[in-house]
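**Student:** here is my input, please return the structure:
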Amino acid sequence: MTAASITLDRDPAAEAEASLEGPSDLAEDHYAWLRGNAPVFYDERQGGYVVSGYPEARAVLGDVEAFRSPRDGELEARHPDLFRTEISKIFALSILNTTGDTHRRLRDALIPVFGPARMKTMRTYVEQVVNEIFDDIEPRMRRGEVIDFHQAISLEVPQAVVGDLIGVPVEERAHLRDIASSMGMAMNFTASEEKRAAASQRFREIGDYFDRLIEQREIEPRDDLITMMVASANAGAISKEEARNMCYIIQLAGYDTTVSCMDSLITTLLAHPELGEQIADDRSTMRFIDEILRWRMTTKTANGVRYANEDIEIGGVTIPKDGEVFVIIGSTHYDERVFPEPEKIDFTRRQGPSMTFGTGVHSCVGFPLAKLEMMVLLQALRERMPDLVAAGEPVPQRQRTLVQYKSIPVTLPQG
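**Tutor:** Next up, the predicted model:
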């Protein structure tokens with residue numbers, strides 16, 4: 001069956017758009033319709049195929065023989081309007097949208113940064129960051145003060161951890177965080193050119209900043225990502241431009257997704273405090289994280305796009321050779337073909353891994369650090385503030401690629 005032969009009462013493109021732009025608590029209605037009626041369809045506005053089913057998404061993201069990342073210059077040729085902004089060019093050349101030898105070179109340069117030895121060192125630092133924040137806010141909440149969990153914890157922990165990993169001085173991390181929060185608009189296919197240009201203009205600030213840090217590390221190397229990228233560039237493994245791009249991507253990808261995950265975990269615990277009993281040792285905490293991130297949508301869409309290497313049928317639709325494919329991650333975790341009774345939280349699930357951090361060769365290389373941050377935070381909450389309660393309704397923030405919040409008011413019972 002081809003995309004042209006689909007005849008439906010509802011428009012798949014409109015359903016997909018509503019799932020991404022509308023409130024996250026209503027998204028599953030749209031996702032369910034898509035999975036049941038058009039798990040793969042052609043979206044004329046984007047000029048590509050949209051995939052929403054779990055098996056189909058795993059095939060697109062994980063099967064490099066069937067689906068590839070863009071070739072050099074391909075994204076620019078297909079979406080010239082996007083390439084009027086600097087950030088779009090950076091994303092096109094980054095580890096998110098490269099393939100073959102280029103992708104392997106970039107990934108090999110990053111692997112030591114997130115290896116087991118480095119994570120062991122980072123755990124001590126993450127624990128220090130979390131405990132310092134708790135030392136500040138716990139006494140205040142015990143006195144009855146309401147704290148915004150999103151601002152005080154979900155934003156602050158990744159900001160400190162990613163800043164330390166990259167090598168950003170403490171006093172400059174908040175400024176980079178504010179810039180990073182606006183980066184995604186430049187790659188939004190549906191955003192106005194004006195909004196994308198404004199995001200790119202702010203992005204030039206961070207580019208100039210990383211250029212200065214790179215020059216500094218050439219003279220004064222340190223134990224941080226920038227120094228490692230400079231060393232890789234000097235050894236000829238990556239270019240200076242690629243080293244700079246790595247700083248951009250880690251600043252963005254290592255921050256926003258982790259913030260959203262932390263918000264999802266805490267809002268779940270506030271609504272279902274009995275689930276906190278599942279948080280104990282590292283293994284049980286990781287199972288908790290994996291299942292909650294499946295059950296409660298965090299990532300809406302996959303980073304990057306893919307292209308069919310040959311004509312290939314998937315989900316009953318033939319995608320032609322070089323056809324462009326977009327994946328809606330948020331829909332995949334409720335696919336009943338993979339997750340029986342997906343609306344239920346089940347910590348014994350083994351049917352399929354969460355795709356919050358991607359899958360296959362393009363799975364997030366930094367996911368061990370993100371999960372480490374979440375694990376340390378949950379265990380500290382269980383130990384120090386198991387009686388944390390909501391002090392009002394969380395305020396959602398609409399965003400096209402992630403589920404995010406403006407605020408999550410919390411406090412601790414008195415007496």
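
**Student:** in this structure Ile166 contacts Asp223, no?
**Tutor:** No. Under the criterion of C-beta atoms under 8 Å, Ile166 makes no contact with Asp223, lying 11.6 Å away. No exception for glycine: its C-beta is placed from N, CA and C like everyone else's.

**Student:** who has more neighbours out of these two?
**Tutor:** Ile166 (21 against 10; other C-beta atoms under 10 Å).

**Student:** how close does the nearest residue to the more buried one once chain neighbours are set aside get to Ile214?
**Tutor:** Nearest non-adjacent residue to Ile166, counting by C-beta to C-beta, 6 or more residues apart in numbering: Leu225, 4.8 Å away. As for Leu225, its distance to Ile214 is 11 Å (criterion: C-beta to C-beta, to the nearest Å).

**Student:** gap between Asp335 and Pro413?
**Tutor:** Separation of Asp335 from Pro413 (C-beta to C-beta) stands at 40 Å.

**Student:** so between the two, which is more surrounded?
**Tutor:** Legend: neighbour count by other C-beta under 10 Å for Asp335 and Pro413, higher for Asp335 (21 against 10).

**Student:** quick one, what contacts the closest residue to that one other than its chain neighbours?
**Tutor:** Closest residue in space to Asp335, ignoring its immediate chain neighbours: Tyr54 at 3.7 Å, by C-beta to C-beta, 6+ apart. By C-beta atoms under 8 Å, 6 or more residues apart in numbering, the contact list for Tyr54 reads Thr332, His333, Asp335, Arg337, Val338, Phe339, Gly352, Met355.

**Student:** who's in contact with the third one?
**Tutor:** Neighbouring residues of Asp335 by C-beta under 8 Å, 6+ apart: Arg35, Gly53, Tyr54, Pro55, Pro342.

**Student:** which of these sit farthest apart?
**Tutor:** Using C-beta to C-beta, the two most remote members of these are Pro55 and Pro342, lying 13.9 Å apart.

**Student:** of these two, who's got more company?
**Tutor:** Pro342 (20 against 16).

**Student:** quick check: phi and psi at the more buried one.
**Tutor:** phi -60, psi -20 (degrees, to the nearest 10).

**Student:** separation between it and Tyr54?
**Tutor:** Relative to Tyr54, and taking C-beta to C-beta, Pro342 is found at 10 Å.

**Student:** which residues do those two both contact?
**Tutor:** With C-beta under 8 Å, 6+ apart as the test, Pro342 and Tyr54 both reach His333, Asp335.

**Student:** ok, the residue lying closest to Arg140 once chain neighbours are set aside - how many residues close by?
**Tutor:** Once flanking residues are discounted, Arg140 sits nearest to Ile147: 6.8 Å by C-beta to C-beta, 6+ apart. Ile147 sits with 21 neighbouring residues when counted by other C-beta under 10 Å.

**Student:** now do Gly330
**Tutor:** 26.

**Student:** what is the one helix or strand it maps to packed up against?
**Tutor:** Assessed by DSSP states H and E, Gly330 sits inside helix 329-332. The contact analysis (3 or more C-beta pairs under 8 Å, 6 or more residues apart in numbering; DSSP states H and E) places helix 329-332 against helix 24-37, helix 54-62.

**Student:** deepest of those helices, which one?
**Tutor:** When the helices and strands packed on helix 329-332 are scored by mean count of other C-beta atoms under 10 Å, the highest mean neighbour count falls to helix 54-62 (a mean of 22).

**Student:** next, the angle from that helix to helix 24-37.
**Tutor:** 100 degrees (axes from the mean of the first three to the mean of the last three C-alpha atoms, to 10 degrees).

**Student:** helix 54-62: what's the following helix or strand?
**Tutor:** With DSSP H and E, the next secondary element past helix 54-62 is strand 67-68.

**Student:** pLDDT on that following strand, on average?
**Tutor:** The average pLDDT within strand 67-68 is 90.

**Student:** can you check stretch 374-389 too?
**Tutor:** For stretch 374-389, mean pLDDT rounds to 96.

**Student:** what do you get for stretch 297-314?
**Tutor:** Rounded mean pLDDT across stretch 297-314 is 89.

**Student:** hmm, back to that, mind checking what helix or strand follows the helix holding Gly330 in sequence?
**Tutor:** With DSSP H and E, the next secondary element past helix 329-332 is helix 367-384.

**Student:** export that following helix to PDB, keeping only CA atoms.
**Tutor:** C-alpha atoms of helix 367-384 as PDB (Å, rounded to 0.1, in the frame of the first residue of the first chain):
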ATOM      1  CA  PHE A 367      22.300   9.000  28.400                       C
ATOM      2  CA  PRO A 368      24.500   7.300  31.200                       C
ATOM      3  CA  LEU A 369      25.000  10.800  32.700                       C
ATOM      4  CA  ALA A 370      21.400  11.800  32.400                       C
ATOM      5  CA  LYS A 371      20.300   8.600  34.100                       C
ATOM      6  CA  LEU A 372      22.900   9.000  36.800                       C
ATOM      7  CA  GLU A 373      21.600  12.500  37.600                       C
ATOM      8  CA  MET A 374      18.000  11.100  37.800                       C
ATOM      9  CA  MET A 375      19.100   8.200  39.900                       C
ATOM     10  CA  VAL A 376      21.000  10.300  42.400                       C
ATOM     11  CA  LEU A 377      18.100  12.800  42.600                       C
ATOM     12  CA  LEU A 378      15.500  10.100  43.200                       C
ATOM     13  CA  GLN A 379      17.500   8.300  45.900                       C
ATOM     14  CA  ALA A 380      18.200  11.600  47.700                       C
ATOM     15  CA  LEU A 381      14.500  12.500  47.600                       C
ATOM     16  CA  ARG A 382      13.700   9.000  49.000                       C
ATOM     17  CA  GLU A 383      16.200   9.400  51.800                       C
ATOM     18  CA  ARG A 384      15.800  13.100  52.700                       C
END
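
**Student:** contacts for that helix next, please.
**Tutor:** Taking C-beta under 8 Å, 6+ apart as the rule, helix 367-384 contacts 114, 119, 122-123, 126-127, 130-131, 134, 138, 153, 157-158, 161, 165, 254, 257-258, 261-262, 265-266, 269, 276, 279-280, 282, 285-286, 288-289, 357-358, 364, 388.

**Student:** buried residues in that helix?
**Tutor:** Using 16 or more other C-beta atoms under 10 Å as the test for burial, helix 367-384 gives 367-382.
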